[in-house]
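Below are the sequence and a predicted model for it; my questions follow.
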Amino acid sequence: MGNWTLDDIPWDSFDRSRVDSGIIPIIKAASLVEYNAEDYRVYLNRVFDGDNRLQAAIDSWAEEEVQHGRALGRWAALADPEFDFETRFGRFRENFRLQLDASVSVRGTRAGELVARCMVETGTNSFYSALADATDEPVLKSICRRIADDEYAHYCLFHRNMRRYMEHDRLSRLKRVRVAFGRMSESEDDELASAYWAANSDGQAYDRRANAAAYARRALRYYRPQHVARGVEMIFNAVGIDGRSSAGRLAAGAVRLFVWYRLRVATRLLVALVEARRRFVRPDSAAQQA
Ligand SMILES: [Fe+2]
Ligand SMILES: [Fe+2]
């Protein structure tokens, strides 16, 4: 288990006047995704069957992720007393289930799986760092800072083990880059969209694109250049590119462009697509998808 518990959070310092109402829906969605780490624990334990040391570390990792979910869920209920975490989590689980019957990584190799895990932890470290810097609400700031530190420690755990597996799997740099970009491209996948829907909608039918767009529109406004730069540095470390070499500087520009595309262009296109579709569908089916 990590180095903090829910008792270390200064809950009494909660200051409603400093809550940015725009942040509440994404904290609710994040709480459900984090709390769902048990499925990933099962999946990763299958992928790393026989590696007892890493399996033990994965168990501790999953406990920390679940604790992130509890902390965020408790804060969300302070900010919105109508938020019923357990009910919303049940709704999320009904709509989204991870494929757990894998015996090998969906990334092809164990080293590839660990590259993908590094990408996920890079994403969460950037996300919570951005939220910690953006919010003035002291309890949320404290939670997000602690979680961001944990996510960085998780990155280091998976990175360390990736280097160990690289000796056996011999994953080329190109393959690592492919896995890394592949995982980053999944960021608007069903999981986040489902969590956003389960946490925030009341009675509306699930629409993956609309909810992915709504989540992205709310979340991405908190990122600043330093969060993107730090994320690029972590991605480079995972795929084995020296950011100081001339090829590395060129690659850094390409990755920043890609991240900028993901954060700005792709999100706006998605939002525009969803809004255009809403405008052109019949009113009765529009009512169902609202
Ligand atoms: Fe987490
Ligand atoms: Fe994590």
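Noted; the coordinates are in hand. Numbers count the residues shown, from 1 in each chain. Ligands and ions are numbered 1, 2, ... in the order given.

Could you use CA atoms for every contact and neighbour count after this?
Noted.

So Arg97: helix, strand or coil?
coil (DSSP: H, G, I helix; E, B strand; the rest coil).

Quick check: phi and psi at it.
Main-chain torsions, Arg97, degrees, to the nearest 10: phi -130, psi 130.

do Asp202 as well
phi -130, psi 100.

For it, the count of nearby residues, please.
Other residues near Asp202 come to 8 when the count uses other CA atoms under 10 Å.

residues in contact with it?
Contacts for Asp202 (CA atoms under 8 Å, 6 or more residues apart in numbering) come out as none.

what distance separates the longest helix along the chain from the middle of the whole chain?
Taking DSSP state H as the criterion, the chain has its longest helix at helix 138-169. Centre-to-centre, helix 138-169 and its host chain are 12 Å apart (CA atoms, centre = their mean, to the nearest Å).

name the helices or strands packed onto the following helix or strand past it?
The helix or strand immediately downstream of helix 138-169 is helix 173-185, counting by DSSP states H and E. Judged by 3 or more CA pairs under 8 Å, 6 or more residues apart in numbering; DSSP states H and E, the packing partners of helix 173-185 are helix 110-134, helix 225-239.

export these to a markdown table and tack on mean pLDDT and distance to Ala219?
Converted to a markdown table, these look like this (pLDDT from 0 to 100; distance: least, CA to CA, whole Å):
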| stretch | mean pLDDT | distance to Ala219 |
| --- | --- | --- |
| helix 110-134 | 93 | 8 |
| helix 225-239 | 84 | 13 |
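
Kindly reformat those as TSV containing mean neighbour count and distance to Ala180.
TSV is the format used below for these (neighbours: other CA atoms under 10 Å; distance: least, CA to CA, whole Å):
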stretch	mean neighbour count	distance to Ala180
helix 110-134	23	6
helix 225-239	19	7
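
And those: which comes nearest Asp49?
Comparing the helices and strands packed on helix 173-185 against Asp49 with CA to CA, the closest turns out to be helix 110-134 (10.5 Å).

Can you give the distance of the closest one from its chain's centre?
For helix 110-134, the distance to the chain centre is 7 Å (CA atoms, centre = their mean).

and what of stretch 166-184?
Distance, centroid of stretch 166-184 to centroid of chain: 20 Å (CA atoms, centre = their mean).

In PDB, list the C-alpha atoms belonging to it.
Only the C-alpha atoms of stretch 166-184 are listed here, as PDB (Å, rounded to 0.1, in the frame of the first residue of the first chain):
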ATOM      1  CA  MET A 166      13.100  -5.800 -22.800                       C
ATOM      2  CA  GLU A 167      16.100  -8.100 -22.300                       C
ATOM      3  CA  HIS A 168      13.900 -11.100 -23.200                       C
ATOM      4  CA  ASP A 169      11.300  -9.500 -25.500                       C
ATOM      5  CA  ARG A 170      13.800  -7.400 -27.500                       C
ATOM      6  CA  LEU A 171      11.100  -4.900 -28.500                       C
ATOM      7  CA  SER A 172      12.500  -2.500 -31.100                       C
ATOM      8  CA  ARG A 173      12.200   1.200 -30.500                       C
ATOM      9  CA  LEU A 174       9.800   1.400 -33.400                       C
ATOM     10  CA  LYS A 175       7.600  -1.300 -31.900                       C
ATOM     11  CA  ARG A 176       7.600   0.600 -28.500                       C
ATOM     12  CA  VAL A 177       6.600   3.800 -30.300                       C
ATOM     13  CA  ARG A 178       3.800   1.900 -32.000                       C
ATOM     14  CA  VAL A 179       2.500   0.500 -28.700                       C
ATOM     15  CA  ALA A 180       2.800   4.000 -27.100                       C
ATOM     16  CA  PHE A 181       0.900   5.800 -29.800                       C
ATOM     17  CA  GLY A 182      -1.600   3.000 -30.000                       C
ATOM     18  CA  ARG A 183      -2.400   3.300 -26.300                       C
ATOM     19  CA  MET A 184      -2.500   7.100 -26.500                       C
END
